[in-house]
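Enquirer: Attaching a predicted model along with its sequence, questions to come.
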2 protein chains.
Amino acid sequence: MAVYTEVSDEELQGFLAEYDLGEVLAFKGIAEGVENSNFLLTTEQGNFILTLYEKRVDPEDLPYFLGLMEHLAERGIACPLPVHAHDGRALRELAGRPAVIISFLEGLWPRRIHPEHCRELGAALARLHKAGSDFALQRRNALSVEAWRPLFQACADRAGEVKPGLMEELDTELAFLETNWPSDLPAGVIHADLFPDNVFFRHEKLTGLIDFYFACNDLLAYDLAICLNAWCFEPDGAFNATKARCLLRSYAGERAVSRAELEALPVLARGAAMRFLLTRLYDWLHHPPGAFVKPKDPLEYYKKLRFHAEVRSPGAYGLELA
Amino acid sequence: MAVYTEVSDEELQGFLAEYDLGEVLAFKGIAEGVENSNFLLTTEQGNFILTLYEKRVDPEDLPYFLGLMEHLAERGIACPLPVHAHDGRALRELAGRPAVIISFLEGLWPRRIHPEHCRELGAALARLHKAGSDFALQRRNALSVEAWRPLFQACADRAGEVKPGLMEELDTELAFLETNWPSDLPAGVIHADLFPDNVFFRHEKLTGLIDFYFACNDLLAYDLAICLNAWCFEPDGAFNATKARCLLRSYAGERAVSRAELEALPVLARGAAMRFLLTRLYDWLHHPPGAFVKPKDPLEYYKKLRFHAEVRSPGAYGLELA
């Protein structure tokens, strides 16, 4: 569920009067996305998405996110394009929240991942990284390695509720990651949350990338590590090396991956697993009893972390060192 | 939130192959409706709604609901029209659930009710009652007066958690309703759940009625009583007699309301309040801790019940006896 804010008829009419979208024909809350309120907005000009930014999003970050979508769209990346109002602004206010109308992308996110999806994803991710290289704004990754220990500490006294001994294990793993986290790899704009429900396809061809609200400047290969975790494990927890190979090879076909990046993949993938494990653990332990959103299972990412901790070389991911 | 069942790409493709809707362009869960899973389905032919019926709906009732929508639409009532597959069937199966594609109605449901909305609603409700008069199928109201005591008993031992003394008060009220419930009034097809989120408008003109999944054969004036409760109280609990007058007069302008029906309105409105109070109370006390749907406040309907119990004549609703 992702409608946290109700919008009254009068508020919506007043808001839309500032755009050239014609009359509103329909307005329905969308049950996807967990951070913001999203609505399908149908007007005489077609379908759009109206997003209200809820409290988890820092309004100061919005110019980065919206500017990035425009920057990428201009460079041919299929992503939502913010719609500008008469005053030229895309970022406005509705029902007391920052609000934006973005274009509606065609396509469906894949509920079941095929290797072909991973191949399409790899190429699209590389093109995103290249298209982002001349984006002028900067945003540091608020959920990178420095952020993990505070998040861990906010969960540590109750982590054992989820799995006995989890606190001790994560403590050791965190120390490893803090010591071994790479810093001298190619960096730039990353999506940082490219899960299957943020990638649309038609006939196994990628038609769009959405949800840029974790985008930031960080190591490019870290984005690849996030995708390895999100796309290349089966529902039963098994790592699918065929999918990983498809992802990495097609990425490398669009953007040369250095030896140092490849060698760093196991630690980056451990870190990516730690990042989602910790935010899920935090949400699991802290979600209010009456919350609408069912928290995601943190242990899914614990298992991924354990997998990568056993990996000794990037060959395990299907890409050989040159 | 109203997506209880996930639909895989393969399942959706296979399902849509049986229709003439062109290619699917988008498929998004809709955060409205609490009984079923609803999706926006965009195809080359435009927008549709795909509904999967969840366990609260008895599959044996579906031919009644779908047949009624077709019957009403044929008679000019603006309501969703089920789409038939190649085999002629509208009711099919998807992801292990009964499933149907229905037309997408334009319009927005009113977040804030104006008297003009009530005027439009009254006329539309009367037209619905008239159009339903020659519908061949029958479905008894599973949530009418006979159903209330079992529902009450399933809540009675914990009703005091919601409000001290509630159990005793409802027991007395139920006895009153069971004794005084009318039976010799005009009956026919009623919607039985015509809340504002089931009625769409454009520019204060009614454009459609949706969600016929409580429709049944019962007293026509009981439908009017349900609407009085759902449309004519302000958020602070005050009864708005102006809205009630608009609703009742415009209803009566389309379908003659008998003296007996008018005189029964106070008891029907008490009963309608009891029905929603009890189902909300049941959901409040029985919803699982991890449920997606936030239960609605049962005490809203307790206050409405108390209001109607004080009403001595239907003049309180703004319609004078002839």
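Expert: Thanks, I have the structure now.
Enquirer: Name the residue closest to the centre of chain A, please.
Expert: In chain A, the residue lying closest to the centroid (Cα atoms, centre = their mean) is A:D193, at 1.5 Å.
Enquirer: Give me the residues contacting the helix or strand that contains A:R306.
Expert: For A:R306, the host element (DSSP states H and E) is helix A:299-310. Contacts with helix A:299-310, where a contact means Cβ atoms under 8 Å, 6 or more residues apart in numbering or on different chains, come from A:162-163, A:166, A:173, A:229, A:233, A:237, A:239, A:266, A:269-270, A:273-274, A:276-277, A:280. Quick note: C-beta positions are derived from backbone N, CA and C, even for glycine.
Enquirer: What distance do you get for A:H203 to A:G76?
Expert: As for A:H203, its distance to A:G76 is 20 Å (criterion: Cβ to Cβ, to the nearest Å).
Enquirer: quick one, what contacts A:G96?
Expert: By Cβ under 8 Å, 6+ apart, the contact list for A:G96 reads A:T5.
Enquirer: mind running it again at 10 Å?
Expert: Counting by Cβ atoms under 10 Å, 6 or more residues apart in numbering or on different chains, A:G96 makes contact with A:T5, A:E11, A:L52.
Enquirer: And for A:E161?
Expert: For A:E161, the contact set (Cβ under 10 Å, 6+ apart) comprises A:C155, A:L281, A:W284, A:L285.
Enquirer: Setting aside sequence neighbours, what's the nearest residue to the third one?
Expert: Of all residues beyond its chain neighbours, the one nearest A:W284 is A:P295 (4.6 Å), with distances taken as Cβ to Cβ, 6 or more residues apart in numbering or on different chains.
Enquirer: and if you look at the first one?
Expert: Once flanking residues are discounted, A:C155 sits nearest to A:L281: 4.9 Å by Cβ to Cβ, 6+ apart.
Enquirer: Was I right to think the one you found contacts A:P295?
Expert: Yes - between A:L281 and A:P295 there is a contact at 9.2 Å, judged by Cβ atoms under 10 Å.
Enquirer: So which elements touch the longest helix belonging to chain A?
Expert: Using DSSP state H, we find that the single longest helix of chain A is helix A:259-286. Contact analysis of helix A:259-286 by 3 or more Cβ pairs under 10 Å, 6 or more residues apart in numbering or on different chains; DSSP states H and E lists helix A:145-156, helix A:159-162, helix A:166-180, strand A:216-219, helix A:220-231, helix A:241-254, helix A:299-310 as its packing neighbours.
Enquirer: try 6 Å
Expert: Where contact means 3 or more Cβ pairs under 6 Å, 6 or more residues apart in numbering or on different chains; DSSP states H and E, helix A:259-286 is packed against helix A:145-156, helix A:220-231, helix A:299-310.
Enquirer: got the angle for that helix vs helix A:166-180?
Expert: Orientation check (axes from the mean of the first three to the mean of the last three Cα atoms, to 10 degrees): helix A:259-286 against helix A:166-180 gives 150 degrees.
Enquirer: how about stretch A:262-274 as CSV, C-alpha atoms only?
Expert: In CSV, the C-alpha atoms belonging to stretch A:262-274 read as follows (Å, rounded to 0.1, in the frame of the first residue of the first chain):
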residue,chain,number,x,y,z
LEU,A,262,35.6,-7.0,-10.6
GLU,A,263,37.9,-8.0,-7.7
ALA,A,264,35.8,-5.8,-5.4
LEU,A,265,32.5,-7.4,-6.4
PRO,A,266,32.4,-9.9,-3.6
VAL,A,267,32.9,-7.3,-0.9
LEU,A,268,30.6,-4.9,-2.6
ALA,A,269,27.9,-7.6,-2.8
ARG,A,270,28.4,-8.3,0.9
GLY,A,271,28.0,-4.6,1.6
ALA,A,272,24.9,-4.4,-0.6
ALA,A,273,23.4,-7.3,1.3
MET,A,274,24.3,-5.7,4.6
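Enquirer: Off-centre distance for it?
Expert: Between the centre of stretch A:262-274 and the centre of its chain there are 17 Å (Cα atoms, centre = their mean, to the nearest Å).
Enquirer: picking up where we left off before, tell me the two of the contacts of A:E161 that are most distant?
Expert: Distance extremes for the contacts of A:E161: the farthest pair is A:C155 and A:W284 at 8.5 Å, using Cβ to Cβ.
Enquirer: neighbour count winner among those two?
Expert: A:C155 (24 against 18; other Cβ atoms under 10 Å in any protein chain shown).
Enquirer: pLDDT at the more buried one, what is it?
Expert: Looking at A:C155, its pLDDT reads 91.
Enquirer: now do A:P288
Expert: Reported pLDDT for A:P288: 65.
Enquirer: Show me what stretch A:61-79 is in contact with.
Expert: Contact with stretch A:61-79 is made by A:80-82, A:90-91, A:98, A:128, A:131, A:135, A:137, A:139, A:207-209, A:212-213, A:215, as judged by Cβ atoms under 6 Å, 6 or more residues apart in numbering or on different chains.
Enquirer: for the host helix or strand of A:T207, packing partners?
Expert: Here A:T207, judged by DSSP H and E, is contained in strand A:205-209. Here strand A:205-209 touches strand A:199-202, going by 3+ Cβ pairs under 6 Å, 6+ apart.
Enquirer: buried stuff in the least confident helix or strand in chain A by mean pLDDT?
Expert: Every helix and strand in chain A was compared by mean pLDDT, DSSP states H and E; the lowest is helix A:159-162, with a mean of 85. Going by neighbour count (16 or more other Cβ atoms under 10 Å in any protein chain shown), the buried part of helix A:159-162 is A:A159, A:V162.
Enquirer: if we can go back for a sec, do you know how far the residue nearest to the centre of chain A is from B:L40?
Expert: According to Cβ to Cβ, A:D193 stands 23 Å off from B:L40.
Enquirer: remind me which residues of the stretch 151-300 of chain A are low pLDDT?
Expert: Low-confidence segments of the stretch 151-300 of chain A, defined by pLDDT under 70: A:288-294.
Enquirer: Is the residue nearest to A:C155 in contact with A:Q153, as I believe?
Expert: No - A:L281 is beyond contact range of A:Q153, at 11.7 Å (criterion: Cβ atoms under 6 Å).
Enquirer: quick one: which of those two has more around it?
Expert: Between A:L281 and A:Q153, counted using other Cβ under 10 Å, A:L281 has the larger neighbour count: 28 against 11.
Enquirer: All set, thanks.
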